[in-house]
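1. Give me a 3D structure for the following:
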Amino acid sequence: RRGESNSMTVTVSAARQAVIVTGEGSVSVGGRGATSVTEEPQTVQVVGSGASVMVAPSAATVSVSSGSASQRQAYIDIRDYGAVGDDSTDCTEAFEAAFAEAGSDYFLGGGFEFPGSTGAQVLVPAGVFRHSDIVIPNNVTLTGLGRTTSALRPLSGTTVGVTVSKFACLRDLYIRGGGVSGDIVRVAGARSQVRDVHINGDNTSARGLAVFDSSGSSPFYAPQFSNLVIEAVNGNAVYVGVSDSQWVNIWVASGDGIGFYVAGTNTAVTNLHVWERGSYGVFLSTSAASNRFVNSYIETNSRVGVICYGFENTFSTGRIWKNTDGGVQVISDQAGQTPMRNRFLGIEFRENKTTASVRFTGAYQNVVSGCIFSDPFFDATWAVQETDSAHVASDYNVIDNSNIIVSADFSSGPVSLVGAHSVNGAVVA
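-> Numbers count the residues shown, from 1 in each chain. Here you go, the predicted structure:
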């Protein structure tokens with residue numbers, strides 16, 4: 001209806017209602033300002049004074065300056081299907097019934113990012129809700145009222161706490177996974193999202209968050225993750241086995257397993273914090289390639305901060321501190337795959353124990369540039385060490401002149417390079 005003036009008023013007459021507007025124009029909710037509306041179907045969330053997101057008042061007026069409007073129920077409350085948030089009642093059947101209803105056209109399109117889909121937003125209200133294995137269907141959002149308000153607690157004997165399907169979203173929840181044996185959260189569908197979720201494993205041996213295509217039947221790409229806390233998980237806290245995933249603001253703490261395990265490609269990670277893990281902080285397998293880490297803080301882990309068997313991975317800015325078995329190891333695997341062209345740029349290395357802050361073994365054409373190395377407690381023998389030599393000059397690892405190394409902090413010297421490396425050098429402060 002481009003160009004038409006079709007001013008209208010829609011009265012939202014009951015709780016949980018939302019208005020779907022089609023056309024171009026603007027919308028005001030209860031006279032509190034306008035929101036731009038594009039030609040794509042949009043969801044107008046009606047939020048009253050003092051109400052939480054996803055919760056509408058009992059009545060409101062929505063003014064639409066042009067286009068057309070209709071109402072649908074905005075979300076499904078699991079309590080309407082028998083769920084009780086008393087940290088005791090098994091609510092599995094209530095979740096399954098709510099998810100089954102979520103595909104109905106009666107409900108609002110699922111997920112803010114995919115308006116117009118047939119799924120709905122399923123609400124976990126305040127409380128602690130017990131359940132066994134549950135699967136969020138395609139295009140459906142499972143949302144709480146915040147990580148300090150709404151909680152899931154899988155029952156003992158659960159294999160996978162929550163599975164997130166294609167185009168589905170899990171958000172605004174606290175999840176205690178002590179009863180899980182497999183994965184506390186498993187992401188198993190393309191373009192899915194997990195955000196604003198706190199996972200506490202209660203020291204279970206399960207994995208915290210696993211991302212992989214278990215079916216292998218369709219392409220799996222571009223899941224998104226943001227504002228996550230994962231702690232007290234004795235399996236791997238995060239496992240990434242897919243391509244093109246995006247991660248922003250991820251905190252991983254405590255527990256015995258690897259903090260952040262990558263077996264996929266083209267992973268983009270910004271603001272990753274991994275500390276006090278009982279194993280490696282970040283692990284890049286032989287299949288890990290072209291992954292990018294920006295502003296990573298990898299500290300006080302019981303093994304190596306970053307261990308890399310892959311190729312063409314990049315770490316830029318941030319710091320790698322106080323890891324027990326060294327800061328970084330780039331190393332060939334037992335099958336003889338050579339890790340190549342990995343880059344470490346602008347990283348601050350400090351007080352990483354054992355032989356060297358950065359060590360290359362059977363690894364060629366890797367770059368260390370613009371980094372700072374210091375170790376006032378003399379925990380490491382070398383700042384950078386090679387343990388075998390490349391056969392030809394084109395395979396040399398490059399430790400260039402932009403690095404700053406406090407040589408007095410390293411008992412055997414700043415850099416130990418095997419063979420003649422004329423392209424290498426370091427500024428020693």
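2. Check whether the nearest residue to S165 once chain neighbours are set aside sits in a helix, strand or coil.
-> Distance criterion Cβ to Cβ, 6 or more residues apart in numbering; nearest residue to S165, sequence neighbours excluded, is G189 at 4.2 Å. Every C-beta, even on glycine, is put in place using the N, C-alpha and C of the backbone. With DSSP: H, G, I helix; E, B strand; the rest coil as the basis, G189 sits in coil.
3. repeat for N323
-> Assigned by three-state DSSP, the conformation of N323 is coil.
4. So it versus A356, what's the distance?
-> 12 Å (Cβ to Cβ, to the nearest Å).
5. strand partners of the lengthiest strand in the chain, parallel vs antiparallel please.
-> If you go by DSSP state E, the chain has its longest strand at strand 193-204. In the sheet, strand 193-204 lines up against strand 169-176 (parallel), strand 224-233 (parallel) (DSSP bridges).
6. and the next element down the chain from that strand?
-> Using DSSP states H and E, the helix or strand that follows strand 193-204 in sequence is strand 207-211.
7. quick one: that next one to chain centroid distance?
-> Centre-to-centre, strand 207-211 and its host chain are 10 Å apart (Cα atoms, centre = their mean, to the nearest Å).
8. CA atoms only: put that strand into PDB for me.
-> Taking Å, rounded to 0.1, in the frame of the first residue of the first chain, the C-alpha atoms of strand 207-211 are listed here in PDB:
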ATOM      1  CA  ARG A 207      29.500 -30.500  27.500                       C
ATOM      2  CA  GLY A 208      28.100 -27.000  28.100                       C
ATOM      3  CA  LEU A 209      27.200 -25.800  24.600                       C
ATOM      4  CA  ALA A 210      27.700 -28.000  21.600                       C
ATOM      5  CA  VAL A 211      27.200 -26.800  18.000                       C
END
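9. between it and strand 224-233, how many degrees?
-> Relative orientation of strand 207-211 and strand 224-233, computed by axes from the mean of the first three to the mean of the last three Cα atoms, to 10 degrees: 160 degrees.
10. which residues sit against strand 207-211?
-> Here strand 207-211 makes contact (Cβ atoms under 8 Å, 6 or more residues apart in numbering) with 177, 182-187, 194, 199, 201, 223, 225, 228, 230, 233, 235-242, 245, 252, 255, 257, 264.
11. shared neighbours, N323 and A356?
-> Residues touching both N323 and A356 (Cβ under 8 Å, 6+ apart): none.
12. ok, these two, which is more surrounded?
-> Using other Cβ atoms under 10 Å as the criterion, N323 and A356 rank with N323 on top: 29 against 25.
13. these two touch, right, that one and G278?
-> No - proximity of N323 to G278 does not meet the contact threshold set by Cβ atoms under 8 Å, at 11.8 Å.
14. Give the residues shared as contacts by the two.
-> Shared contacts of N323 and G278, counting by Cβ under 8 Å, 6+ apart, come down to N301, S302, R303.
15. now, among those, which is nearest to I331?
-> Nearest to I331 out of the shared contacts of N323 and G278 is R303 (Cβ to Cβ; 12.7 Å).
16. OK, contacts around the closest one?
-> R303 is in contact with G278, S279, Y280, G281, N323, T324, D325, counting by Cβ under 8 Å, 6+ apart.
17. Of those residues, which is the most crowded?
-> Most neighbours among these, by other Cβ under 10 Å: G281, with 31 neighbours.
18. And it, how far from R303?
-> 8 Å.
19. Name the residues contacting each of those two.
-> Shared contacts of G281 and R303, counting by Cβ under 8 Å, 6+ apart, come down to N323.
20. got the contact list for I250?
-> I250 makes contact with F225, L228, I230, V238, F260, V269, N271, L272, H273 under the criterion Cβ under 8 Å, 6+ apart.
21. could those residues go into CSV alongside pLDDT and distance to S374?
-> Shown next, in CSV, are those (pLDDT from 0 to 100; distance: Cβ to Cβ, whole Å):
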residue, pLDDT, distance to S374
F225, 97, 33
L228, 98, 31
I230, 98, 30
V238, 98, 29
F260, 98, 25
V269, 98, 25
N271, 98, 23
L272, 98, 22
H273, 98, 21
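22. For the strand or helix carrying N249, what is the distance to the chain centroid?
-> Here N249, judged by DSSP H and E, is contained in strand 246-253. Put simply, strand 246-253 sits 5 Å off its chain's centre (Cα atoms, centre = their mean).
23. helices or strands up against whichever helix or strand comes after that strand?
-> Using DSSP H and E, the helix or strand that follows strand 246-253 in sequence is strand 260-262. Applying 3 or more Cβ pairs under 8 Å, 6 or more residues apart in numbering; DSSP states H and E, one finds that strand 260-262 contacts strand 238-240, strand 268-275, strand 282-284.
24. strands paired with the second one, and their directions?
-> Strand partners for strand 268-275, identified by DSSP bridges, are recorded as strand 246-253 (parallel), strand 292-299 (parallel).
25. ok, and what's touching the helix or strand hosting F373?
-> Element membership for F373, per DSSP H and E: strand 372-374. Applying Cβ under 8 Å, 6+ apart, the contact partners of strand 372-374 are 347-351, 357, 383-384, 403-406, 409-410, 414.
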